[in-house]
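Student: Using only what follows, build the 3D model:
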Amino acid sequence: MKRALLIMALVAFGVMASQAPAFSGTIDLVTNGDFSLGISNWTTFHYTGGAGIWGNPSVSASGGVLYWMMSASGSDGNATGAYQMLNAAVSGYSSLLLQTRISPIYQNLSSPSASEYPANIQVDYVDLGNVARSYRHAFYYSGSAGSIGTYVQSGTWYDYQLDLFSVPGGMKSLSDVQVFGNGWDYQGKVDYVKVLATSSDVVPEPATMSLLGLGLAGLVARKRRVR
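Tutor: Just a heads-up that it's a prediction; the model follows:
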């Protein structure tokens, strides 16, 4: 009897351990992705081009919207924006969606021949082969269509969604997410950034927990009778 109760308890524990995820449902991996707290949890950046001209970069948040701009670039390519480190293992999720509402406001050059995109979203990640990669999608209003770009009328919002498990090489972990402009002089904005992670794993049901408790209770009672 004692052995049977022990087996019952171990089986229940095994079922619980194999089914229990960190959560069940959908969570957003991005903190302050709606910028309601300004640029809290985000790190701003500005990278100069080959000539090293700093110009007048600016990144700010107002009214739940993040803005970035660059002026006086001196015809030197650069990038200005903000990123958030995530460092999240994601292979255990059933789905992983990147969502944003983004807008190009101003661009000095035409895209994509001059590689100027006033609004971009990018993720850095480790693929299933443990290779570090980046995936970027850009938005512009002047020029012709590019392989990484989407035409959006200046100043209007564009809702973009990407299945992150569809990126080249697959995705094992997500390092960071970035929003920025690049080129000479440009301006862009973003309303929100989300990385929605969904787990379809089953949370242990009360019956499973009861089975475990019954087995352990039986063991305790058996031990007391022996004493």
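Student: which ones are touching residue 150?
Tutor: Contacts here follow C-beta atoms under 8 Å, 6 or more residues apart in numbering; on that basis residue 150 touches 137-140, 158, 160. C-betas here are computed from N, CA, C, even on glycine.
Student: For it, what is the enclosing helix or strand?
Tutor: Remark: residue 150 resides in strand 149-151, with elements defined by DSSP states H and E.
Student: Given that strand, what are its sheet partners and their directions?
Tutor: Each strand that strand 149-151 pairs with, and the sense of that pairing, follows from DSSP bridges: strand 132-140 (parallel).
Student: which residues touch residue 122?
Tutor: Taking C-beta under 8 Å, 6+ apart as the definition of contact, the neighbours of residue 122 are 134-137, 177-180.
Student: Neighbour-wise, give me the winner out of those residues.
Tutor: With neighbours defined as other C-beta atoms under 10 Å, the most crowded of the contacts of residue 122 is residue 180; it has 28 neighbours.
Student: ok so, going back, generate a markdown table for the contacts of residue 122, with distance to residue 154 and pLDDT as supplementary columns.
Tutor: Listed next are the contacts of residue 122 as a markdown table, based on distance: C-beta to C-beta, whole Å; pLDDT from 0 to 100:
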| residue | distance to residue 154 | pLDDT |
| --- | --- | --- |
| 134 | 26 | 98 |
| 135 | 25 | 97 |
| 136 | 20 | 96 |
| 137 | 18 | 96 |
| 177 | 24 | 98 |
| 178 | 22 | 98 |
| 179 | 17 | 98 |
| 180 | 17 | 98 |
